[in-house]
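Visitor: fold the following, please.
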Amino acid sequence: MALDNERNLVLASLRDQSAGANSVVLGERLGLARGTVERHLLYCADYGLATWRRVRNGLGDAVITERGRDYLLRQNC
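Guide: Got it, this is the predicted structure:
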């Protein structure tokens, strides 16, 4: 699966969970390894697509931003 598609899946999953989610939950929902999810969350946080408080055990919550929602709209997701 292409990186952009995985990143879009992570963002779409965050969009669907209004309270946010952590990398462990996202990985389980999407069938992706926690490290993969965390890499996408880090990218999204760096570019303002999501906020993420990274915690060593993966339990830090991530929430999509308005910029992330706009990004998904432009990607037709």
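
Visitor: quick one: the helices in the chain?
Guide: Along the chain, counting by DSSP state H, helices occupy 3-16, 23-30, 34-46, 66-74.

Visitor: for Leu59, which of the ones you listed is the nearest?
Guide: Closest approach to Leu59 among the helices of the chain is made by helix 23-30 (6.6 Å; CB to CB). Quick note: C-beta positions are derived from backbone N, CA and C, even for glycine.

Visitor: packing partners for the closest one?
Guide: Judged by 3 or more CB pairs under 8 Å, 6 or more residues apart in numbering; DSSP states H and E, helix 23-30 is in contact with helix 3-16, helix 34-46.

Visitor: where does the chain dip in pLDDT?
Guide: 1-3, 58 (pLDDT under 70).

Visitor: recalculate using a threshold of 80.
Guide: Residue ranges of the chain with pLDDT under 80: 1-3, 55-59, 77.

Visitor: burial count for Leu42?
Guide: Neighbour count for Leu42, taken as other CB atoms under 10 Å: 15.

Visitor: typo on my end, it should be Asn57
Guide: So Asn57, with other CB under 10 Å, has 9 neighbours.

Visitor: could you redo the helices and strands packed on helix 23-30 as TSV and give each row distance to Arg56?
Guide: Formatted as TSV, the helices and strands packed on helix 23-30 follow (distance: least, CB to CB, whole Å):
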stretch	distance to Arg56
helix 3-16	19
helix 34-46	11
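
Visitor: list the buried residues of stretch 55-74.
Guide: Gly58, Gly60, Asp61, Ala62, Val63, Ile64, Thr65, Gly68, Arg69, Tyr71, Leu72 (16 or more other CB atoms under 10 Å).

Visitor: again with stretch 14-23
Guide: In terms of neighbour count (16+ other CB under 10 Å), stretch 14-23 has its buried residues at Leu14, Gln17, Gly20, Ala21, Asn22, Ser23.

Visitor: stretch 34-44 too?
Guide: Arg34, Thr36, Val37, Glu38, Arg39, His40, Leu41, Cys44.
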